[in-house]
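[1] Next one to model:
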Amino acid sequence: MTMSGSRLSANQSQAPCGFLILDKPAGVTSHGCVALVRRRYGLKRVGHGGTLDPAVTGVLPLALGSATRLLPYLDGAKAYRGVIQLGLCTDSDDLTGAVLERRPLPPLSRQELEAALNPFRGPILQRPPQVSAVHVQGERAYARARRGEHSELQERAVTVERLELLSWEPSSGQLELEVRCSAGTYIRSLARDLGEALGCGGALARLRRTEALGFTLSGAVGLEDLEAEPPPPPLAPLLALGQYPAFTLEPGDLVSWRCGRRLAGPTHLSEGQVVVILDPDGNLAGMARTVSDGWLQPRLVLEATG
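    Numbering: from 1, shown residues only. Next up is the predicted model:
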């Protein structure tokens, strides 16, 4: 079943609802982008699919209106293209921070760099940067770092699905990487840890996110595009849910669905499978999970009536 042309039901389409993919420029905070979109679209409910540091550019998916409720169902993997500067350490693990130490660069061939990258591929343990949004005793780590306090941050399990060395410039000590990774992965930590493994230190020089929540730069708009009248329409919510099977309700089942009742569904799906629920007109009606014997248990009901 093709879902690309599907939309929300008529009542929901009165207010903007869907996904707006921004190509965030450097020097702007993710929260600033959210505030701008709220004002431009006249919405209170705008959520993001993972913040970007102010210096980082690229894909910033924003959910508008009821689409915010779909964020937990989207693919959390991210993809980046970034440049790492070897030969120094900073207090933020990127070049925006204060330099703590400079070290000479060892002679490194491309093959030696590839070998050094191998331990960072696949499931790894990674310690977040001191300047990060990780909670420490009820406070963000970056707030403690701004006061000059050091936080003991625990390593966290992440997965680096792809780590490709694009270029290496021995004269400048800069290497360019392409990374695809799980949610919660810090490319700044990757830069720091690679530098430590090489014995010369490392910090992130530049970073651009090329994919997030299944959206890429090909569908992104710039902040300047928001000044258009009318502003760009959000993408249909179903465009972000193509990884799930879909089930279309019969007309007689719509009332029961909106009341949150369990319904008979396809029997070939495994138990626990997430399923996109469409109303008889092909509009998004919500999300369900399969339970025993093919029954569909509502998890998210749009236009609920009871």
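[2] didn't residue 64 look like it was pressed against residue 42?
    No: using Cβ atoms under 8 Å, residue 64 makes no contact with residue 42, being 10.3 Å away. (Each C-beta comes from the backbone N, C-alpha and C, glycine too.)
[3] For these two, indicate the residue with more neighbours.
    Neighbour comparison, residue 64 and residue 42: the larger count goes to residue 64, with 23 against 8 (by other Cβ atoms under 10 Å).
[4] Take stretch 21-30, keep the C-alpha atoms, and write them as PDB.
    The C-alpha trace of stretch 21-30 is given here as PDB (Å, rounded to 0.1, in the frame of the first residue of the first chain):
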ATOM      1  CA  ILE A  21      12.300  19.700   7.800                       C
ATOM      2  CA  LEU A  22      14.600  22.600   8.400                       C
ATOM      3  CA  ASP A  23      18.100  23.000   7.100                       C
ATOM      4  CA  LYS A  24      19.400  24.700  10.200                       C
ATOM      5  CA  PRO A  25      22.100  27.200   9.700                       C
ATOM      6  CA  ALA A  26      25.100  27.700  12.000                       C
ATOM      7  CA  GLY A  27      24.600  30.200  14.800                       C
ATOM      8  CA  VAL A  28      21.000  29.500  15.500                       C
ATOM      9  CA  THR A  29      19.700  27.300  18.300                       C
ATOM     10  CA  SER A  30      17.300  24.500  17.800                       C
END
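[5] Give the burial count for residue 244, as a bare number.
    17.
[6] give me phi/psi at the residue of the chain most remote from its centre?
    For the chain, the residue at maximal distance from the C-alpha centroid (Cα atoms, centre = their mean) is residue 252, at 37.7 Å. Here is the backbone geometry of residue 252 (degrees, to the nearest 10): phi -70, psi -10.
[7] Same question for residue 198.
    phi -90, psi -10.
[8] Tell me how far residue 25 lies from residue 103.
    Using Cβ to Cβ, to the nearest Å, residue 25 is found at 32 Å from residue 103.
[9] Next, show the common contact partners of residue 64 and residue 42.
    Residues touching both residue 64 and residue 42 (Cβ atoms under 8 Å, 6 or more residues apart in numbering) are residue 16.
[10] where are the low-confidence patches of this protein?
    Residue ranges of the chain with pLDDT under 70: 1-14, 305-306.
[11] Go through stretch 183-191 and flag the buried ones.
    Using 16 or more other Cβ atoms under 10 Å as the test for burial, stretch 183-191 gives 185, 186, 187, 188, 189, 190, 191.
[12] So which of those residues is the closest to residue 58?
    Distance to residue 58 across those (Cβ to Cβ) is lowest for residue 187, with 11.5 Å.
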